[in-house]
Structures are given as structure tokens and as C-alpha cells.
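> Okay, sequence plus prediction incoming.
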Amino acid sequence: MNFEQARFNMVEQQIRPWEVLDSRVLALLERIHREDFVPVRYRKLAFADLAIPLENDQTMMRPKIEARMLQALELGTDETVLEIGTGSGFVTTCLAALAMRVVSVEIFEDLHEGASVKLRDKEVDNVELFVGDVMRGWQPEQAHDVVVVTGSVPVVPEQFLGWVNPGGRLFAVTGESPAMEAKLLRRMGVTDWSVESLFETDLQRLLHSEKPPEFEF
């Protein structure tokens, strides 16, 4: 299989038509080899417009969702990012290329270990990986400029909001399948947030997030 041609086709036929025009994001998706993060048995599907299965009944985001998310975040090279859900490590690697530092937490030990190996292989050295359940007690040591939730939630959990620095952003997909909404929340003040609706999608649920939290947008 010609992976370079498949990568080019993914960018030109899936991502650009979905209003992803940010040159940094497009260059990133052309440079980072997505096929290296896909389970071997699905490697030929690395650039397909589908959610590729991972271990523990988890999935990778579709490529165009990853791209739209990265574009919406407008990451600065001086910013720190908290990623909730490491998964394959592909989005982690993309975030690390755009930001100063990334902290990523994964609930499944084997996915954490797999991502650790891939990030070492890619010589990504500005990422700190943790194993933990954000819905059952795990917390970051500090707030971050950007928080990225790679699984959907019914509504944004209150504790996630506290992990965002003033002026920072939070990306989350909320609602119920099959009509969920991707949102970018901006922290304008201590309790003041603006909410931008980005696109409709359907994303796998973040584990243990079924119980509706107190905050709803």
C-alpha cells in the first residue's frame, strides 16, 4: 500500500473539504505518520473516514474530527495541554507538535503503555503520560491552557472546567448518540465562559461519564 498517497488523499479529500485550512494543522497531518499509531491489523485503514478500533473496545477519532479539533484549539507554542484519553497516542503527538507541553491521562494501562512506546519511537519528549480515571478521582497537578476530551460526555463535568486556566480553552463533544455536538469553551473569567458550537458528530463515550454532572451548557 502507498501510504504517502493515502495520506495525501486523506488531507485533500476528507480534511480540506471539511473546512480545515490551517496550514500548521495540514502540514502536521502530512508529516506525522498516522499509520504508525493504528493497530497492525487495521494499518491499511489508517486514513479511512472511520473510527478505527483499539484495544478495550476503544476507538481512534476519525481523521477529519481530529483535524477540526486541532484547528479550533489554535494552540500556541507557549501553551500547556491536558489530554483526557491518550488512546493510540496519535492526537497526543499532534498536540505535542503544536504546544509547549502536553499532559495526557489514559484509563487503560495497555493503551498507556502502547502510546508510551510510540512516543519514545517518535522522539516526542514534551509529553507526560499518566494512568488514571478522570471521572473517579484522578486530577492533574495544575490547571492548563487547553483541555482536550477525546471521548464524548453527556455534559461537561464540573471538574474539567476547573482544570482550565483563565483565558484557556476546553474542547469537548457533548450530547447523546447519534447527534452529538463538538464545542469549544473559552474561560473568560472565574465563572464566565463562552461556548462555540463547532460541528455535529458522534463520538465514543468517555468511560464512567454516564452520570450527568452538575454543570450544563
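Received the coordinates, thanks.
> Check the offset of the longest helix along the chain from the chain's centre.
The helix that spans the most residues within the chain, counting by DSSP state H, is helix 109-121. Relative to its parent chain, helix 109-121 has a centroid offset of 16 Å by C-alpha atoms, centre = their mean, to the nearest Å.
> Can you give me the neighbour number for residue 49?
Residue 49: 14 surrounding residues under other C-beta atoms under 10 Å. Every residue, glycine included, has its C-beta placed from N, CA and C.
> three-state assignment of it?
coil (DSSP: H, G, I helix; E, B strand; the rest coil).
> check contacts around it.
By C-beta atoms under 8 Å, 6 or more residues apart in numbering, residue 49 lies in contact with 14, 62-64.
> Residue nearest the middle of the chain, spatially speaking?
residue 150 (4.2 Å; C-alpha atoms, centre = their mean).
> Report the separation between it and residue 69.
9 Å (C-beta to C-beta, to the nearest Å).
> Which neighbours do these two have in common?
Counting by C-beta under 8 Å, 6+ apart, the residues touching both residue 150 and residue 69 are 61, 91.
> re earlier: which residue, neighbours along the chain excluded, lies closest to the residue nearest to the centre of the chain?
If the residues on either side of it in the chain are set aside, residue 150 comes closest to residue 85, at 3.7 Å by C-beta to C-beta, 6 or more residues apart in numbering.
> what about the one you found, neighbour count?
Residues contacting residue 85 under the criterion other C-beta under 10 Å number 22.
> just residue 158 next, same as before
Applying other C-beta under 10 Å, we find 11 residues neighbouring residue 158.
> Return the member of the contacts of residue 49 nearest to residue 96.
Using C-beta to C-beta, residue 63 comes nearest to residue 96 of the contacts of residue 49, at 17.8 Å.
> For the protein, which segments count as helices?
3-9, 23-31, 63-73, 90-98, 109-121, 158-161.
> Okay, buried residues for the longest strand along the chain please.
Longest strand in the chain, counting residues (DSSP state E): strand 164-176. Across strand 164-176, burial judged by 16 or more other C-beta atoms under 10 Å covers 164, 168-175.
> so who does residue 188 touch?
By C-beta under 8 Å, 6+ apart, the contact set of residue 188 is 167, 194.
> Please work out how many residues are found near the residue lying closest to residue 43 once chain neighbours are set aside.
With sequence-adjacent residues excluded and distances taken as C-beta to C-beta, 6+ apart, residue 43 is closest to residue 35, at 5.3 Å. Counted with other C-beta under 10 Å, residues neighbouring residue 35 total 18.
> Make a markdown table from the helices of the chain and add distance to residue 194 and mean pLDDT to it.
Shown next, in a markdown table, are the helices of the chain (distance: least, C-beta to C-beta, whole Å; pLDDT from 0 to 100):
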| stretch | distance to residue 194 | mean pLDDT |
| --- | --- | --- |
| helix 3-9 | 35 | 97 |
| helix 23-31 | 22 | 97 |
| helix 63-73 | 13 | 98 |
| helix 90-98 | 22 | 98 |
| helix 109-121 | 32 | 98 |
| helix 158-161 | 13 | 96 |
